[in-house]
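Q: 3D, please:
(chains A and B)
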Amino acid sequence: MTAFTRKNADKPPVLVYEDVRKKYGGFTALDGVSLHVNAGEVVCLIGPSGSGKSTLLRCTNALETIDSGTVRFEGKPLPKADADIRKVRQRMGMVFQSFELFPHKTALENVAIGLTTVRKLPAQAAEERARALLAKVGLADKTANYPANLSGGQQQRVAIARALAMEPHVMLFDEPTSALDPETVGEVLNVMRDLAQEGMTMIVVTHEMSFARRVANWVVVFERGRLLEEGPPQQIFEAPTVERTRDFLSHLGWDD
Amino acid sequence: MSKRDRPRVCRLAGPSLIPTTMDFDFSPLIDSWRFLASGLGQTLLLSVAAVVCSFVLGLAVGLGRLYGPFWLRIPLVFYIDSMRAIPVFVVLVWIYFSVPILTGHSFAPFWAALVGITIHVAAYVAEVIRAGIVSIRKGQVQAGLALGMSRPQIIRDILLPQAIVRMLPAFGSIISVTIKDTAIAAVIAVPELMRQAETLAGETYRPIEIFSAVMIVYFVIIFPVTRLIDRFYSRVAHLGRS
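A: The predicted structure is shown next:
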């Protein structure tokens, strides 16, 4: 495989996966995945449904446990003890496909809840931070809305602000636009693109190939729990070295 | 009508028990309204105390059954199953008559009624709370975990507030059943509304007037409570929809 220089390749990577394996009963979700993510990189995980992309993301912040292998975050393997893993999770923001905003809290309270409960910030300070973050994602006028009174795209932007509130070192996006109406996909992708431009380290599981192509620094193709191919977007989308990558992309209409 | 039935009918229609013509006399209600009102006071006191106590106990039992250690869950399940299988009447009478024999301490009737109704209703509250929490999808817990929240924080700040909204209709039913169940306390001589009504009816031979009034009083108390809870639920339902 051709050698490419990756962003911040001279610094220690933020995340390293070494031979990560995970089974659900008889189904092998991850079959020995090794991968690393450098600081400030946007890494897009693509591949067919059930190929292990989301599972890898959920193993990153220990929402799922791995059967073998190691996940290293900022040089240290993920801890086992509950209190330690909670500290690690505070350093990783996560955005879910189905938003998972808290329906009994306003947009502002959703963004502030991590600050008040986990960080123990005074309510006033948390509220100020939450307000600033909602403004950042373009929702300064929706602070008092409950999730039920927000569109899908607005809800997902609140969810991004909620994750950013904890000042994470890395953001994990699990198919952030898959549950959205086509007309609101763009507003969420724009927020993510801005975040990438600010230098946020991001891992994005996505089916939005145009986003992966334009914003990602590194694209990883999954198939059946394995890494099929990885490389910069130009390679993956224009000159994939693996025939199966070409097949997968042509199914999505990317056979240029 | 067979010959054998006839004498019994005649006896029932005797002059002292049932008036031969339907002439109503509401004067016992007017004369003894204070007596009945004191019963209503006891009914309300017992109802409020039983609702509060059974919600506190039910919350503890429901959470214990969901999140408690294995050794705790088994007796809790046994408790819930037995309370759902035994009539509240039997529980109440058992507590009033058996506990003094077993422990040597006698219960005032009011306390026996409160304990009996509470441990009965709490089992239903526990089940409603458990079902409400279980009905909230896993993603909500994961969103809390991803923020670095602990399990107790997630239960307190994310699951319970949503679950309680979802449980409101069921809680409305439980509250109305609890208020109605306090009438059973009459059998152990708690001077609540039903007991006072029975006493008054026995003294005045005016059961129709007195028990009709009692029916109306129960309806007037309970109907608005259930309606208000339904009304409130329809206004806040979106807060529990994740």
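Q: can we go C-alpha only for contacts and neighbour counts from here?
A: OK.
Q: residue ranges in chain B under the pLDDT threshold?
A: Residue ranges of chain B with pLDDT under 70: B:1-22.
Q: please, which helix or strand holds the most centrally placed residue in chain B?
A: Nearest residue to the geometric centre of chain B (CA atoms, centre = their mean): residue B:178, 1.2 Å. Assessed by DSSP states H and E, residue B:178 sits inside helix B:160-181.
Q: which parts of the helix ranked longest in chain B are buried?
A: Looking across chain B with DSSP state H, the single longest helix is helix B:33-67. For helix B:33-67, the neighbour count (16 or more other CA atoms under 10 Å in any protein chain shown) marks B:35-36, B:39-40, B:42-51, B:53-66 as buried.
Q: contacting chain A as well, which ones from those?
A: Counting by CA under 8 Å from any CA of the partner chain, nothing from the buried residues of helix B:33-67 sits close to chain A.
Q: ok, back up a step: thought the residue nearest to the centre of chain B was touching residue B:117?
A: Yes: counting by CA atoms under 8 Å, residue B:178 touches residue B:117, with 7.4 Å between them.
Q: intersection of neighbour lists for the two?
A: By CA atoms under 8 Å, 6 or more residues apart in numbering or on different chains, residue B:178 and residue B:117 have these common neighbours: residue B:50.
Q: please parse chain A into its domains.
A: For chain A, automatic domain parsing gives the domain ranges A:24-91+A:169-256, A:103-167.
Q: most tightly surrounded among these?
A: Mean neighbours per residue, mean count of other CA atoms under 10 Å in any protein chain shown, is largest over the domains of chain A for domain A:103-167, with a mean of 21.
Q: list the buried residues for the next helix or strand after the longest helix of chain B?
A: Following helix B:33-67 in sequence order, the next helix or strand is helix B:70-85 (DSSP H and E). Buried residues in helix B:70-85, defined by neighbour count with 16+ other CA under 10 Å: B:73, B:76, B:77, B:79, B:80, B:83.
Q: quick one: contacts for residue A:59?
A: Applying CA under 8 Å, 6+ apart, the residues near residue A:59 are A:65, A:66.
Q: which bits of chain B sit near chain A?
A: Counting by CA under 8 Å from any CA, chain B sits next to chain A at B:139-140, B:142-143, B:145-150, B:153, B:158, B:161-162, B:238-242.
Q: from these, which land in helices?
A: Counted as lying in helices by DSSP H, out of the residues of chain B next to chain A, are B:139, B:140, B:142, B:143, B:145, B:146, B:153, B:161, B:162.
Q: let's have these in JSON lines, adding distance to residue A:108 and neighbour count.
A: Formatted as JSON lines, those follow (distance: CA to CA, whole Å; neighbours: other CA atoms under 10 Å in any protein chain shown):
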{"residue": "B:139", "distance to residue A:108": "20", "neighbour count": "16"}
{"residue": "B:140", "distance to residue A:108": "17", "neighbour count": "20"}
{"residue": "B:142", "distance to residue A:108": "20", "neighbour count": "18"}
{"residue": "B:143", "distance to residue A:108": "16", "neighbour count": "25"}
{"residue": "B:145", "distance to residue A:108": "19", "neighbour count": "22"}
{"residue": "B:146", "distance to residue A:108": "18", "neighbour count": "27"}
{"residue": "B:153", "distance to residue A:108": "19", "neighbour count": "15"}
{"residue": "B:161", "distance to residue A:108": "17", "neighbour count": "18"}
{"residue": "B:162", "distance to residue A:108": "17", "neighbour count": "26"}
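Q: would CSV of these with distance to residue B:212 be doable?
A: Below are those laid out as CSV (distance: CA to CA, whole Å):
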residue, distance to residue B:212
B:139, 52
B:140, 50
B:142, 55
B:143, 55
B:145, 56
B:146, 59
B:153, 50
B:161, 41
B:162, 41
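Q: would you list the domains of chain A in a markdown table and tack on distance to residue B:132?
A: Shown next, in a markdown table, are the domains of chain A (distance: least, CA to CA, whole Å):
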| stretch | distance to residue B:132 |
| --- | --- |
| domain A:24-91+A:169-256 | 23 |
| domain A:103-167 | 15 |
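Q: ranked by average pLDDT, which of those falls at the bottom?
A: Note on these: domain A:24-91+A:169-256 shows the lowest mean pLDDT, a mean of 93.
Q: mind checking the SS state of residue 186?
A: Reading this off chain A. What DSSP: H, G, I helix; E, B strand; the rest coil gives for residue A:186 is helix.
Q: not what I meant, chain B
A: helix.
Q: quick check: closest non-adjacent residue to it.
A: residue B:195 (4.6 Å; CA to CA, 6 or more residues apart in numbering or on different chains).
Q: surely the one you found and residue B:39 touch.
A: Yes: with contact defined as CA under 8 Å, residue B:195 counts as touching residue B:39 (7.4 Å).
Q: ok, residue A:203 touching residue A:175?
A: No: look at residue A:203 against residue A:175 with CA under 8 Å: they stay out of range, at 10.4 Å.
Q: tabulate the CA atom coordinates of stretch B:27-43 in CSV.
A: Extracted in CSV, the C-alpha atoms of stretch B:27-43 (Å, rounded to 0.1, in the frame of the first residue of the first chain):
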residue,chain,number,x,y,z
SER,B,27,-83.1,14.2,58.3
PRO,B,28,-80.5,11.8,59.7
LEU,B,29,-78.0,13.2,57.2
ILE,B,30,-78.8,16.8,58.3
ASP,B,31,-78.9,15.9,62.0
SER,B,32,-75.7,13.9,62.0
TRP,B,33,-73.6,15.6,59.3
ARG,B,34,-70.8,16.3,61.8
PHE,B,35,-70.6,12.6,62.6
LEU,B,36,-70.3,11.7,58.9
ALA,B,37,-67.9,14.7,58.3
SER,B,38,-65.5,13.4,60.9
GLY,B,39,-65.6,10.1,59.0
LEU,B,40,-64.8,11.9,55.8
GLY,B,41,-61.9,13.5,57.6
GLN,B,42,-60.5,10.1,58.6
THR,B,43,-61.0,8.8,55.0
